[in-house]
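**Q** model this:
(one chain, ligands or ions: 1)
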Amino acid sequence: MQLRQDSHTVPPPAPAAGPLLSVRKLRVRFGGITALDDVSFDVARGQIAGLIGPNGAGKTTLFNCLSRLYAYEQGAITFDGQPLEKLPRHRMAALGMGRTFQNLALFASMSVLDNIKVGQHARTRKGFLAHALRLPGVAAEEEACSQRAAELVRFLGLEQVARKPVADLPFGTRKRVELGRALASAPTLLLLDEPAAGLNHEEVGALGDLIRAIRDQFQLTVLLVEHHMGLVMSVSDHVVALNFGRRIAEGTPAEVQRDPEVIQAYLGAEA
Ligand SMILES: Nc1ncnc2c1ncn2[C@@H]1O[C@H](COP(=O)(O)OP(=O)(O)OP(=O)(O)O)[C@@H](O)[C@H]1O
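**A** Numbering: from 1, shown residues only. Below is the predicted model of the structure:
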């Protein structure tokens, strides 16, 4: 199905050239622990990129740097040609970065539809005061938000539960709602933090199809942190592997899977 884009929610067209995301020589330390050490990689526009590594490798730290939740002591991140460190944290969603979290971050007592609508907040133009005073344009903006949320609900197959509180839903369904909320901000880069965690085998299979459908439908770029190797390797165009905060390999899924350092990192992790 085709999602309608409206004048209030459309992101500015991305310049065609250069990677969408560029991470350069990133270093993050927590006391004596170096969580990221000189990490560099690019994510090309339209790509599904997988970020893998054993526990403690630095994946979440990297995501938190992208969301500006963590500060980095060295290095640079460029998103859509803009240096991230110059931008305030609250502008990340408006800039075109949408994110899901390892531990679901939804409003449990609110309905599916309302949770998805919350995600559009960053894209609305009219401020709090305009809404409170019902200034001209507010009604049109609200209508556009409702329509987009309803279209996302349909796209994600959530029609049957759209008006139910999120707390009443199974875990796998709640994860879809979180995806819907991240998509509601019309991101150009979607950051997925362990979307397969807690899902059963069938749900993981469906998730792979859904991630590809999302990329194609919304023409966005995906960066995926995931422990489920089957999912990462089947869905990713490009994979970056971290271990102990360092980038140990990068390439196609096949290249990374046969990289000796990657094999050693995972065998070592299991030993
Ligand atoms: N806020 C923090 N304070 C102190 N140390 C931290 C903090 N966040 C992460 N670390 C440490 O940084 C290192 C990297 O952790 P991180 O959570 O980024 O790894 P990860 O690859 O996401 O692991 P997992 O797969 O288990 O989620 C670990 O040694 C971790 O203990």
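**Q** The stretch 1-150 of the chain: strands as residue ranges?
**A** 21-30, 33-43, 48-52, 74-79, 82-83, 97-99 (DSSP state E, counting those that start in this stretch).
**Q** can you pull the buried residues of the longest one?
**A** For strand 33-43, the buried set under the neighbour-count rule, 16 or more other Cβ atoms under 10 Å, comprises 34, 35, 36, 37, 39, 41, 42, 43. For glycine as for every other residue, the C-beta is placed from the backbone atoms N, C-alpha and C.
**Q** Keeping just the C-alphas, turn it into PDB.
**A** Provided in PDB are the C-alpha atoms of strand 33-43 (Å, rounded to 0.1, in the frame of the first residue of the first chain):
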ATOM      1  CA  ILE A  33      36.200   1.100  30.500                       C
ATOM      2  CA  THR A  34      36.600   2.000  26.800                       C
ATOM      3  CA  ALA A  35      33.200   1.300  25.400                       C
ATOM      4  CA  LEU A  36      34.100   2.500  21.900                       C
ATOM      5  CA  ASP A  37      37.600   2.800  20.600                       C
ATOM      6  CA  ASP A  38      38.400   4.600  17.400                       C
ATOM      7  CA  VAL A  39      35.200   3.200  15.600                       C
ATOM      8  CA  SER A  40      34.600   4.400  12.000                       C
ATOM      9  CA  PHE A  41      32.000   3.200   9.400                       C
ATOM     10  CA  ASP A  42      29.500   4.600   6.900                       C
ATOM     11  CA  VAL A  43      25.900   3.700   6.300                       C
END
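**Q** Helices of the stretch 101-250 of the chain, start to end?
**A** In the stretch 101-250 of the chain, the segments counted as helices under DSSP state H, counting those that start in this stretch are 112-118, 128-132, 138-155, 171-184, 201-218, 229-235.
**Q** Could you point out which of those sits nearest the ligand?
**A** Nearest to the ligand, of all those, is helix 229-235, at 12.5 Å by Cβ to the nearest ligand atom.
**Q** could you dump that closest one to PDB, C-alpha only?
**A** The C-alpha coordinates for helix 229-235 follow below in PDB (Å, rounded to 0.1, in the frame of the first residue of the first chain):
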ATOM      1  CA  MET A 229      22.400 -13.700  13.600                       C
ATOM      2  CA  GLY A 230      19.900 -15.300  11.200                       C
ATOM      3  CA  LEU A 231      18.000 -12.100  11.100                       C
ATOM      4  CA  VAL A 232      21.000  -9.800  10.700                       C
ATOM      5  CA  MET A 233      22.600 -11.900   8.000                       C
ATOM      6  CA  SER A 234      19.400 -12.400   6.000                       C
ATOM      7  CA  VAL A 235      18.100  -8.800   6.100                       C
END
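**Q** distance between it and the chain's centre?
**A** Computed by Cα atoms, centre = their mean, to the nearest Å, the chain-centroid distance of helix 229-235 equals 16 Å.
**Q** quick one on the thing from earlier: how about the strands of the stretch 1-150 of the chain in a markdown table, adding distance to residue 113 and mean pLDDT?
**A** Listed next are the strands of the stretch 1-150 of the chain as a markdown table, based on distance: least, Cβ to Cβ, whole Å; pLDDT from 0 to 100:
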| stretch | distance to residue 113 | mean pLDDT |
| --- | --- | --- |
| strand 21-30 | 31 | 96 |
| strand 33-43 | 31 | 96 |
| strand 48-52 | 27 | 97 |
| strand 74-79 | 30 | 94 |
| strand 82-83 | 32 | 90 |
| strand 97-99 | 18 | 86 |
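**Q** how about CSV for these, with distance to the ligand added?
**A** Below are the strands of the stretch 1-150 of the chain laid out as CSV (distance: least, Cβ to the nearest ligand atom, whole Å):
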stretch, distance to the ligand
strand 21-30, 3
strand 33-43, 3
strand 48-52, 9
strand 74-79, 15
strand 82-83, 22
strand 97-99, 14
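**Q** which stretch in the helices of the stretch 101-250 of the chain has the least confidence?
**A** Per-segment mean pLDDT for the helices of the stretch 101-250 of the chain reaches its minimum on helix 128-132, at a mean of 56.
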